[in-house]
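Undergrad: Test case, fold it:
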Amino acid sequence: MTTTLFTGIGELVTNDPRHDGTALGILRDAALVVDGTTIAWIGPAAQAPAADLARDLGGRAVLPGFVDSHTHLVFAGDRAGEFEARMNGNRYEAGGIRTTVAATRAASDEALTANVARLVSEMARQGTTTVEIKSGYGLTTRDEARSLAIARQFTEETTFLGAHVVPEGVTPEEYVDLVTGPMLEAAAPYARWVDVFVEDGAFDEDQARTILNAGRAKGLLPRVHANQLSEGPGVQLACELGAASADHCTHVTDRDLTALADSGTVATLLPGVEFSTRSPYPDVRRFRKAGVTVALASDCNPGSCYTSSMPFCIALAIREMGMTPAEALWSATAGGAKALRREDIGRLGIGSRADFAVLDAPSYLHLAYRPGVPLVAGTYVGGRTG
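TA: A predicted model of the protein is given here:
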């Protein structure tokens, strides 16, 4: 297998504290060797071993590829009008999901696949190397299964979100029976995770527990849309069931934060949603004080947050949520990996996947220092340019 030596790395973020005693584990004047799809060596450039090929990165910064652990990419249609209404003062409500459901059901497999490919390509150009993709815009057995089959073409991190909202024409009780029965049976072969939107206007605590337990019985791992629009039972339920992550966490109590810290469930924060819905941002200082592990993700979707940019989310987290630049980068890489229970991504070290982004900048600080500027000069997935 061909090995490649990357030299000329002015600043290398590893997320390994053994290098400098900080969470980011920064090395300067560094190099790394890729063997196949994994990192074979990492360290000071002056000590770099020989390799079959060599590439000089010209003093640029290198960091682990972003791990976007919460997205909804399988959809059709556009909700720009809804965004305009929010910017004119209307309140965000979950009901807009049904607009996308109608468009998605009407779209062909080819159209849906092309849209996912477009968005994944956008993400790669901005440094994302791992993406989780949910279903949830089909809400029929056929459409949920085909959404996950399409998503599986792009990632192993696929999530069954048949419990997004209750579609028109059925009662909540009838729909829970469908989600936990025929729909789950059809979707499970294409999914790793099961998710529920726990919120007024979506699913209550008992319904969510039933759905998540049914998914677990089929071998799917739980994650939860929790506490986005108001304080509620979502975070507590996620912690009770050992969910990998509770996502949104916009409105949390001190009791919620204690439960997150004690259970090890990751709080995945989605600042692009607050930006796009004019909602209050969560205060990360509270999460930090409680000892909660935090991830950052884009929540890319056509309604509440149509961004594919993790650098944008990092800048928002720093400016609006009280994160330090180091915390934001860690949460967008290693934090996202923890939200997916992955050890092979979100860091750069011997044996990890060779997933990394090269910045056209001397330091990761430029991600927020120069917001909105396309700083990613190259994205490598398994050692190959993405």
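Undergrad: Return the residues in contact with the most centrally placed residue in the chain.
TA: Residue closest to the mean C-alpha point of the chain, counted by Cα atoms, centre = their mean, is residue 69 at 2.0 Å. The contact partners of residue 69, taken as Cβ atoms under 8 Å, 6 or more residues apart in numbering, are 130, 132, 157, 245, 268, 295, 297, 336-337, 339-340. Just so you know, the C-beta spots here come from the backbone N, C-alpha and C atoms, and that holds for glycine as well.
Undergrad: for residue 238, same thing?
TA: Neighbours of residue 238 in contact, by Cβ under 8 Å, 6+ apart: 222-224, 226, 245-246, 263, 265.
Undergrad: hmm, 10 Å instead?
TA: Contacts here follow Cβ atoms under 10 Å, 6 or more residues apart in numbering; on that basis residue 238 touches 196, 198, 208, 212, 222-227, 244-247, 249, 256, 259-260, 263, 265-267.
Undergrad: Work out for me the element it sits within.
TA: helix 234-240 (DSSP states H and E).
Undergrad: in the stretch 51-200 of the chain, which spans are helices?
TA: 80-87, 97-106, 109-125, 141-152, 172-178, 184-187 (DSSP state H, counting those that start in this stretch).
Undergrad: Where among those helices is average confidence lowest?
TA: Of all the helices of the stretch 51-200 of the chain, mean pLDDT reaches its minimum on helix 80-87 (a mean of 89).
Undergrad: Which positions in it come out as buried?
TA: By neighbour count on 16 or more other Cβ atoms under 10 Å, the buried set for helix 80-87 is 82-83, 86.
Undergrad: Residue 314: which of these is nearest?
TA: Distance to residue 314, by Cβ to Cβ, is smallest for residue 83 among these, at 21.7 Å.
Undergrad: Spatially nearest residue to the closest one (excluding sequence neighbours)?
TA: Closest residue to residue 83 apart from its sequence neighbours, by Cβ to Cβ, 6 or more residues apart in numbering: residue 276 at 6.7 Å.
Undergrad: The one you found - how many residues pack around it?
TA: Counted with other Cβ atoms under 10 Å, residues neighbouring residue 276 total 21.
Undergrad: mind listing what it touches?
TA: With Cβ under 10 Å, 6+ apart, residue 276 has these contacts: 82-83, 86-87, 92, 270, 299, 301, 303-307.
Undergrad: could those residues be laid out in JSON lines, adding distance to residue 100?
TA: As requested, the contacts of residue 276 are exported to JSON lines (distance: Cβ to Cβ, whole Å):
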{"residue": "82", "distance to residue 100": "10"}
{"residue": "83", "distance to residue 100": "13"}
{"residue": "86", "distance to residue 100": "15"}
{"residue": "87", "distance to residue 100": "19"}
{"residue": "92", "distance to residue 100": "14"}
{"residue": "270", "distance to residue 100": "17"}
{"residue": "299", "distance to residue 100": "14"}
{"residue": "301", "distance to residue 100": "8"}
{"residue": "303", "distance to residue 100": "6"}
{"residue": "304", "distance to residue 100": "11"}
{"residue": "305", "distance to residue 100": "13"}
{"residue": "306", "distance to residue 100": "11"}
{"residue": "307", "distance to residue 100": "16"}
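Undergrad: wait, which of the residues you listed is closest to residue 280?
TA: residue 92 (11.7 Å).
Undergrad: how does this structure divide up, domain by domain?
TA: 3-65+346-385, 66-339 (automatic domain parsing).
Undergrad: now the end-to-end length of the first one.
TA: Okay, so that is domain 3-65+346-385. Taking Cα to Cα, to the nearest Å, domain 3-65+346-385 runs 15 Å from one end to the other.
Undergrad: where in the stretch 1-150 of the chain is pLDDT low?
TA: 92-95 (pLDDT under 70).
Undergrad: Tell me where it has strands.
TA: 3-13, 26-35, 38-44, 53-64, 66-68, 128-131, 133-134 (DSSP state E, counting those that start in this stretch).
Undergrad: Looking at those, which one is packed in the most?
TA: Highest mean neighbour count among the strands of the stretch 1-150 of the chain (mean count of other Cβ atoms under 10 Å): strand 66-68, with a mean of 32.
Undergrad: Packing partners of it?
TA: helix 109-125, strand 128-131, strand 294-296, helix 310-320, helix 336-339 (3 or more Cβ pairs under 10 Å, 6 or more residues apart in numbering; DSSP states H and E).
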